[in-house]
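Student: Show me how the following folds:
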Amino acid sequence: MDKKYKNREKFTEIIKYLDVPEVLVLHGSRQVGKTTLMKIAMEYLRNKENNQVFYFDLEKSEYLELCNKGIEAIVSYIKARQNSRQLENNTKSKIYIFIDEIQYLDDPASLIKLFYDHHKDDFKLIVSGSSSFAVKSKFKNSLVGRIIDLEIFGLSFHEFLDFKNLNYDLSSDSELIKKELKNLYEEYVVYGFYPQVVLTDNIELKELYLRNIIEKYIYKDIKDLANIKDLKKFNNLLVFLASQVGQLINTQELSNTLKLARQTIEEYLFILENTYIIKTVYPFHKNIRGELTKMPKIYFEDTGILNILKNGKINSQIDGVLFENSSFNYLSRYFRVQNIHFWRTAAKQEIDFIINDNNKIIPIEVKLSYQEKMIKNLFYFGDKYKISSLYCLAYNQMSNGNEKVKQLYPWEVMKIV
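Tutor: This is a model prediction of the structure:
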């Protein structure tokens, strides 16, 4: 990998799929590093077996126009570009085509389908899209069996440390190491996971970058992509959701509060989730009558964005909401999001997260400060379902906590068994 690029954990996964015939689709919000990952992959391929690599950035009008003309126009362009190179090298290596921001195409599904069905032996296609909503809404034809989807998110805490040129063993039991990581984790959570934000040490620039993402991507791009007509009410919804992180979301109450039709609220929530702004978590239940609530909870994909929307500016200290949201972000990196739930009874007993992974149930409470009296529901749930492994993710831990509960920092979720 080129030393000018910082290491990304997703790159090792991308490598695995560079030599399979399926089209590789990278989904994710703007600014999370999709283009950088593409460039890392391109450098990797150029340095391996003399591969030929072509890159089309569809934010440039000339490339957008070319790709909209269809597959034959792209192939013709590539042949014109590769003639001299093939004569010099006298070799027929595989051709890799990278298309960035494919959602701008009129019909990306057709392009992908034609490349795979007719040219998969000669070309390997790798594409990116800045929102699953925009890309999926244009994938009108079935692409099952033709694509491999990879979601690209903001930096993990391990990547954050690497971007800071810091080397830590996140599984270390050293109290001093944990103390140092705790201080670093506060910065990670307060300002969020976008690479550009992490790479600057200037506090004012961090906030400026976050506001630019909100203004240029969340407000403007999503408005254009999703054809949102009342941007002010959409923005009001976003701010209101930031104040409701970790709480039950009642669409009828949202409708009444924001003076928006319930159907519109549901459409906006769908758009926000499919453009990587929020993530919805649904309840876990075994006893439907006593436990079932249909109302979900929401969390934000980036805590820096949440911080600004919730507080109107960057709050420089981690609070309970940011910590709970960051704990969800961390859990979602280790467990499939659809396996992460919360538990709430009709009597309002509640546990923040229930991992239901291969029928193994793992209850997890999240507390800014560990206090045994605040996790009594964890013991109740354990007794009710005969579960002995109980966990609490806590920022301020107690060395003499209850031995039945394993206290962990979020970066130690790999210790959850």
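
Student: so what's Glu324 up against?
Tutor: Under the criterion of C-beta atoms under 8 Å, 6 or more residues apart in numbering, the contact list for Glu324 reads 245-246, 299, 352, 366. Yep, even glycine has a C-beta here, placed from its N, CA and C like the rest.

Student: What is the nearest of those residues to Ile271?
Tutor: Of all the contacts of Glu324, Tyr299 has the smallest distance to Ile271: 16.4 Å, by C-beta to C-beta.

Student: What is the neighbour count of that closest one?
Tutor: Tyr299 has 24 neighbours, counted by other C-beta atoms under 10 Å.

Student: wait, doesn't it sit right on Lys279?
Tutor: Yes - at 5.3 Å, Tyr299 counts as touching Lys279 under the criterion of C-beta atoms under 8 Å.

Student: what sits in contact with each of the two?
Tutor: Phe328.

Student: Would you map out the domains in this protein?
Tutor: Domain segmentation of the chain under automatic domain parsing yields 10-152, 158-415.

Student: Need phi/psi at Lys113.
Tutor: The phi/psi pair for Lys113 (degrees, to the nearest 10) reads phi -60, psi -40.

Student: count of neighbours near it?
Tutor: Using other C-beta under 10 Å, Lys113 is surrounded by 19 other residues.

Student: same check, this time on Glu59
Tutor: A count of neighbours around Glu59, defined by other C-beta under 10 Å, yields 11.

Student: give me the low-pLDDT residue ranges for the stretch 51-200 of the chain?
Tutor: Low-confidence segments of the stretch 51-200 of the chain (pLDDT under 70): 83-93, 131-142.

Student: Okay, strands next: where are they in the chain?
Tutor: 23-27, 52-57, 95-100, 123-129, 147-151, 278-283, 297-300, 340-344, 350-357, 360-369, 390-396, 405-408 (DSSP state E).

Student: nearest to Lys233, of those strands?
Tutor: strand 278-283 (16.5 Å).

Student: Packing partners of the closest one?
Tutor: Applying 3 or more C-beta pairs under 8 Å, 6 or more residues apart in numbering; DSSP states H and E, we find strand 278-283 packed against helix 262-274, strand 297-300, helix 320-334, strand 340-344.

Student: could you check the angle strand 278-283 makes with the first one?
Tutor: Orientation of helix 262-274 against strand 278-283 (axes from the mean of the first three to the mean of the last three C-alpha atoms, to 10 degrees) gives an angle of 110 degrees.

Student: what residues does helix 262-274 touch?
Tutor: Contacts with helix 262-274, where a contact means C-beta under 8 Å, 6+ apart, come from 131-133, 136, 222, 226, 228, 234, 237-238, 241, 249, 251-252, 254-255, 258, 260, 278-280, 298.

Student: Show me which of those residues are buried.
Tutor: 131-133, 136, 222, 226, 228, 234, 237-238, 241, 249, 251, 254-255, 258, 260, 278-279, 298 (16 or more other C-beta atoms under 10 Å).

Student: where in the stretch 201-350 of the chain is pLDDT low?
Tutor: Across the stretch 201-350 of the chain, the ranges flagged by pLDDT under 70 are 287-293.

Student: do that again at 90, thanks
Tutor: 215-235, 267-268, 270-271, 273-276, 284-295, 333-338, 344-349 (pLDDT under 90).

Student: Show the end-to-end separation of stretch 153-168, please.
Tutor: 21 Å (C-alpha to C-alpha, to the nearest Å).

Student: cool, stretch 244-259 as well?
Tutor: The first and last residues of stretch 244-259 sit 17 Å apart, counting by C-alpha to C-alpha.

Student: Relative to Asp107, how far out is Cys67?
Tutor: Note on Cys67: its distance to Asp107, by C-beta to C-beta, to the nearest Å, is 10 Å.

Student: Great, nothing more from me.
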